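Novice: Model the structure of this input:
(one chain, ligands or ions: 2)
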Amino acid sequence: GKKIILDCDPGYDDAVALFLAHGHPDIELLAVTTVVGNQTLEKVTRNALSVARIIKMENVTFAAGCTQPLVKPIHTAAEIHGESGLDGPVLPEPHLRLSLRHAVDVIIETILSQPKDSVTLVPTGGLTNIAMALRKEPKIIDRVREVVLMGGAIRGGNATPCAEFNIYIDPEAAEIVFNAGWKVTMIGLDVTHKALATLPIRNQIRQIDTGPARFLSDLLGFFSEKYQKVHGFDAPAIHDPCAVAYVINPDLFTVQQAPISIETQGKHTTGMTVVDLRHRPPATCQTYVATDINSEAFWALIVEAMQHIGEGD
Ligand SMILES: Nc1ccc([C@@H]2N[C@H](CO)[C@@H](O)[C@H]2O)cc1
Ligand SMILES: [Ca+2]
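Specialist: Ligands and ions are numbered 1, 2, ... in the order given. Purely as a prediction, here's the structure:
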């Protein structure tokens, strides 16, 4: 299967990305790293390990990363993900022990230990760990197959009217990652706002009737309530698994090659991903942006992964 490292900040939708990455047969999850974002590093790391317990993940390295963005102060999304970062369902005590290595070192060592062009980096939180990793060991830039990240938007934003949360919380890290010279595919709000966990989908997941599926159904229920209150959507956008789905099957997406600039100085626009779709991009352009998603096929991947997980044994 396709080898990935999932760098995440669970977070409801990060939890779904973990389910998909672990459950789908086409993905080989080499390591899970955590980064400050939706909640503090300690909280998102505990949440990641609790989700691992629910799906009985074994022999996957979990490592905690940066506690703060490179420059900006911490800005969490407690209004959506709650005080714990994964409010709602009862979370089991972790069974896996956290690696003693820092996530940045695990990212570097995992990439250098795998064949060139075999590992895809899948960040679904702020890009602090990724920026630190490529600054500490620039060799990973040429070795990584691709960076497929959930973040940014061609138009609009959720942290501000024109900035998406993952970019907004650490724009300096994003600027480093987008300009490193490796291939970056940006799965932004334009497509993730089409990956809505509607009631029929939540019912379909509940009918799988396994422990993990019941947990996922409860999770989506809580996320729905929060999304309704905060964003006024009647079904929550499940952002992060879209990045994993792209690695599984890029054909589910429409993608365009386009220059992407990160605003780091704007008084009202900091964190904005400025995607230039006006002209044919130069052949040297290494950045791509998703402009559409086949939502039905996306949800079919989630259901397939849940069926593959079963009770997690
Ligand atoms: N309101 C809100 C804030 C942050 C996020 C998180 N940031 C990204 C979407 O902006 C996802 O990775 C998700 O985990 C989702 C909703
Ligand atoms: Ca996230």
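Novice: Could you tell me which residues of the stretch 1-150 of the chain lie near ligand 1?
Specialist: Gly11, Asp13, Asp14, Asn38, Ala77, Ile80, Thr124, Gly125, Met150 (C-beta under 6 Å from any ligand atom). C-beta coordinates here come from the backbone N, C-alpha and C atoms, glycine included.
Novice: same thing but 8 Å
Specialist: Of all the residues in the stretch 1-150 of the chain, those in contact range of ligand 1 (C-beta under 8 Å from any ligand atom) are 8-14, 37-38, 77, 79-81, 124-125, 150.
Novice: For PyMOL, what selects the buried ones among those residues?
Specialist: Here is the PyMOL command that picks out the buried ones among those, judged by 16 or more other C-beta atoms under 10 Å:
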select buried, resi 8+9+10+11+12+13+14+37+38+77+80+81+124+125+150
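Novice: mind listing which of the residues of the stretch 1-150 of the chain next to ligand 1 are in strands?
Specialist: Residues of those located in strands (DSSP state E): Cys8, Met150.
Novice: Would you map the strands across this protein?
Specialist: Using DSSP E, the strands of the chain run over 2-8, 27-34, 61-64, 119-123, 146-150, 184-187, 253-257, 260-262, 273-275, 287-293.
Novice: can you redo these as CSV with distance to Leu134 and mean pLDDT?
Specialist: As requested, the strands of the chain are exported to CSV (distance: least, C-beta to C-beta, whole Å; pLDDT from 0 to 100):
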stretch, distance to Leu134, mean pLDDT
strand 2-8, 12, 99
strand 27-34, 14, 98
strand 61-64, 17, 98
strand 119-123, 10, 99
strand 146-150, 10, 99
strand 184-187, 11, 99
strand 253-257, 21, 98
strand 260-262, 15, 98
strand 273-275, 18, 98
strand 287-293, 15, 98
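Novice: Can I get these in JSON lines including distance to ligand 2?
Specialist: Formatted as JSON lines, the strands of the chain follow (distance: least, C-beta to the ion, whole Å):
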{"stretch": "strand 2-8", "distance to ligand 2": "6"}
{"stretch": "strand 27-34", "distance to ligand 2": "10"}
{"stretch": "strand 61-64", "distance to ligand 2": "15"}
{"stretch": "strand 119-123", "distance to ligand 2": "9"}
{"stretch": "strand 146-150", "distance to ligand 2": "6"}
{"stretch": "strand 184-187", "distance to ligand 2": "12"}
{"stretch": "strand 253-257", "distance to ligand 2": "18"}
{"stretch": "strand 260-262", "distance to ligand 2": "18"}
{"stretch": "strand 273-275", "distance to ligand 2": "16"}
{"stretch": "strand 287-293", "distance to ligand 2": "16"}
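Novice: Switch these over to CSV; also include distance to Ala174.
Specialist: Supplementary listing: the strands of the chain in CSV, determined by distance: least, C-beta to C-beta, whole Å:
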stretch, distance to Ala174
strand 2-8, 13
strand 27-34, 17
strand 61-64, 21
strand 119-123, 10
strand 146-150, 9
strand 184-187, 10
strand 253-257, 19
strand 260-262, 5
strand 273-275, 8
strand 287-293, 11
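Novice: What about Asp251, how many residues nearby?
Specialist: Look at Asp251: counted by other C-beta atoms under 10 Å, it has 10 neighbours.
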